[in-house]
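Asker: Predicted structure and sequence below. I'll ask about it afterward.
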Amino acid sequence: MAGEYPIFQLNPGRDYAVLQGHPWLFSGAFQRLPPGIPPGAVVDVESADGAWLARGHLNARNSLAFRVLTRDEHEAIDEAFYRRRIARALDLRRLLPPDVTGFRVIHAEADGLPGLVVDRYDRWLVAQCSTAGVEHQREVILAALAATLQPDGILVRDDIRVREREGLAVGPAVVASGEVPARIEIREGPVRYLVDPHGGQKTGFFLDQREKRARVAEWCAGATSLLHGFSYTGGFALAALSANPALHTVNVDTSAAALDLAQQNYTLNGHDPQQHQFLASDVSRYLQRAVAEEQRFDWVVLDPPAFAKTMAAKERALRGYEALNGLAAQVVAPGGLLVTCSCSGAVDYAEFETAVRVALARAGRTGQILGIFGPSVDHPTLPGYLEDRYLKALLLRLE
């Protein structure tokens, strides 16, 4: 297989990351990157002394220039390659309970397919192609997905802004094969959720919060109230209600459409939406009012969108986490529980915990950490690949 792909050499000493298993190389690591190489081309990378290192996608127009596909010099990047990768990823997801019908099938670099995310909702797939390499081989990848997973339909979401960094167009969702309905019902154990694959957040649902939802359900038996901030379609609240139907829940989100779907999910699960609250409001403003009115909740769940998608926004994001968690801490009842999440890739776990600690101190509350959440079966990560640790969550009991 050697010789079939263009070869690019690294500068001396710049092979360390790849040798240690990291899936990325930046443009400064290369001796030369000719501008004529098409974005997303498959190329080989060698060390400065000519030792073969890896094969992957190259985009010389991006500072993050190279993403590893294989470390096997004899492995071609063709449809058979993608079928093997997809089958391997699916094999890992067999560890999920059989009553889970919504899960991530392909988690980009961690599954050996950088730039590709594929979520399965019952019999349908929703894919995101975020790099020039995946876009360049899009039809081959879609054929491999159809052949390996045999879905009723595949929807590709091209509406993610990260595509712009790769020089790709951002556009509407496109049905690539079969048919994909406007709403898909999935299950997580006893809970049923309606998913909006065409226009919902991410690919339609926050699959990466499954383990946190399960913990809330497991521990909420004695609670009487739960506040779900940034509630989207009611995932955490519905998980809690599955174990404690007497719980009163308050769902707060800026999206009226999401709250409408949340109410449909309540009805789907046999809960009367009229017995609960669904408030289209900024969460911080709601918390300020709740503090002023001395409201208290046994559970508070915060699942905000990313506060920092780049390193430049980190300091502002940390101040945001401090302010948000400080307000939330003031409405948690004594002995109550707080689940607080961050999906900001630019903020690492230690920084997030520090922000929460500062917030508690300013609110005059003390707490115990009962749970620290990270990767899950369908959202794995790689050793040393810290850039992928975007999702962080803490479960605390507050005095």
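Answerer: Nice, thanks for sending it over.
Asker: Outline the domain layout of the protein.
Answerer: Taking automatic domain parsing as the criterion, the chain consists of the domains 7-70, 79-184, 206-398.
Asker: Out of the ones you listed, flag the one nearest Pro197.
Answerer: Proximity to Pro197 (Cβ to Cβ) singles out domain 79-184 among those, at 4.9 Å. C-beta here means a position set from N, CA and C on the backbone, and glycine is covered the same way.
Asker: how far out from the middle of the chain is the closest one?
Answerer: On the basis of Cα atoms, centre = their mean, to the nearest Å, domain 79-184 is displaced by 14 Å from the centre of the chain it belongs to.
Asker: same question, stretch 390-399
Answerer: Here stretch 390-399 is found 17 Å from its chain centre; the criterion is Cα atoms, centre = their mean.
Asker: Then stretch 320-328?
Answerer: Stretch 320-328 has its average C-alpha position 22 Å from the chain's average C-alpha position, going by Cα atoms, centre = their mean.
Asker: CA atoms of the longest helix along the chain as PDB?
Answerer: If you go by DSSP state H, the chain has its longest helix at helix 314-331. Output of helix 314-331 as PDB, limited to C-alpha atoms (Å, rounded to 0.1, in the frame of the first residue of the first chain):
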ATOM      1  CA  LYS A 314     -12.000  30.700  28.400                       C
ATOM      2  CA  GLU A 315     -11.800  33.500  31.000                       C
ATOM      3  CA  ARG A 316     -15.200  34.800  30.200                       C
ATOM      4  CA  ALA A 317     -16.600  31.300  30.300                       C
ATOM      5  CA  LEU A 318     -15.100  30.600  33.700                       C
ATOM      6  CA  ARG A 319     -16.700  33.800  35.000                       C
ATOM      7  CA  GLY A 320     -20.000  32.600  33.500                       C
ATOM      8  CA  TYR A 321     -19.800  29.200  35.200                       C
ATOM      9  CA  GLU A 322     -19.000  30.900  38.500                       C
ATOM     10  CA  ALA A 323     -22.000  33.300  38.200                       C
ATOM     11  CA  LEU A 324     -24.500  30.500  37.000                       C
ATOM     12  CA  ASN A 325     -23.500  28.000  39.700                       C
ATOM     13  CA  GLY A 326     -23.500  30.700  42.400                       C
ATOM     14  CA  LEU A 327     -27.100  31.500  41.600                       C
ATOM     15  CA  ALA A 328     -28.000  27.800  41.400                       C
ATOM     16  CA  ALA A 329     -26.400  27.100  44.700                       C
ATOM     17  CA  GLN A 330     -28.700  29.600  46.400                       C
ATOM     18  CA  VAL A 331     -31.900  27.700  45.300                       C
END
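Asker: helix or strand right after it?
Answerer: Once helix 314-331 ends, the next helix or strand along the chain (criterion: DSSP states H and E) is strand 332-342.
Asker: quick one: strands adjacent to that following strand?
Answerer: Strand 332-342 has its sheet partners listed here by DSSP bridges as strand 297-302 (parallel), strand 392-398 (antiparallel).
Asker: before we move on, back to that, what about the longest helix of the chain, distance to the chain center?
Answerer: Helix 314-331 has its C-alpha centroid displaced from the chain centroid by 21 Å (Cα atoms, centre = their mean).
Asker: Is it possible to get TSV of the strands paired with strand 332-342 that adds mean neighbour count, distance to Val358 and mean pLDDT?
Answerer: As requested, the strands paired with strand 332-342 are exported to TSV (neighbours: other Cβ atoms under 10 Å; distance: least, Cβ to Cβ, whole Å; pLDDT from 0 to 100):
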stretch	mean neighbour count	distance to Val358	mean pLDDT
strand 297-302	25	15	98
strand 392-398	21	13	97
